[in-house]
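**Student:** Sharing a sequence plus its predicted fold:
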Amino acid sequence: MKKLVVYFAMAMMFLVVPFSLNAAENTPETDNIETVTNEEFTKYFEDNRKIVTDENGNRITGTVEVEFRVNDHGVPSGIQVTKGFSREANREVIAMLIEGPKWTSTDGKRVRIVVEYK
């Protein structure tokens, strides 16, 4: 039952929080976005991430860059992957942003994080 509630909550968040799984090309607007870090999110990611594999089961590594705003409740919104290496990794980073620790509001400004799968 607990898993059902979690999956339902995740589904509801995806309905409320728009996001894009496909990497977008950098534009002049995205080139001026500040890259930020969040120690709590980094720890959450390292503790909960999955190993990404290719179709043969071999571990693959890469970088996922994500841009978003943080609302007044500390929840990322308008999430867009600007650089990714796998749809699975892109989905996982988006889900972790939504499910993970709270962020500080960005007052409507977009920010970028860089997540490394090693």
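**Tutor:** Received, thanks.

**Student:** for the nearest residue to residue 108 once chain neighbours are set aside, which residues make a bridge with it?
**Tutor:** Nearest non-adjacent residue to residue 108, counting by Cβ to Cβ, 6 or more residues apart in numbering: residue 69, 6.1 Å away. Backbone N, C-alpha and C define where each C-beta goes, glycine included. Taking DSSP bridges as the rule, residue 69 bridges to residue 77.

**Student:** Residue 97 is in contact with residue 69, correct?
**Tutor:** No - with contact defined as Cβ atoms under 8 Å, residue 69 does not count as touching residue 97 (11.3 Å).

**Student:** and for those two, which residues touch both?
**Tutor:** Here residue 69 and residue 97 have residue 76 as joint contacts, going by Cβ atoms under 8 Å, 6 or more residues apart in numbering.

**Student:** who's more crowded, these two?
**Tutor:** residue 97 (26 against 17; other Cβ atoms under 10 Å).

**Student:** can you pull the contacts of that one?
**Tutor:** Residues counted as contacts of residue 97 (Cβ under 8 Å, 6+ apart) are 41, 66, 68, 76, 79, 113.

**Student:** same check, this time on residue 89
**Tutor:** Here residue 89 is in contact with 52, 62, 64, 117 (Cβ under 8 Å, 6+ apart).

**Student:** can you pull the contacts of the residue nearest to the second one when sequence neighbours are not counted?
**Tutor:** It stands for residue 62. Distances taken as Cβ to Cβ, 6+ apart put residue 85 closest to residue 62, at 2.9 Å, once the chain neighbours are dropped. Counting by Cβ under 8 Å, 6+ apart, residue 85 makes contact with 52, 60-64, 117.

**Student:** List just the nearest of the residues you listed to residue 108.
**Tutor:** Nearest to residue 108, judged by Cβ to Cβ, of the contacts of residue 85 is residue 64 at 23.4 Å.
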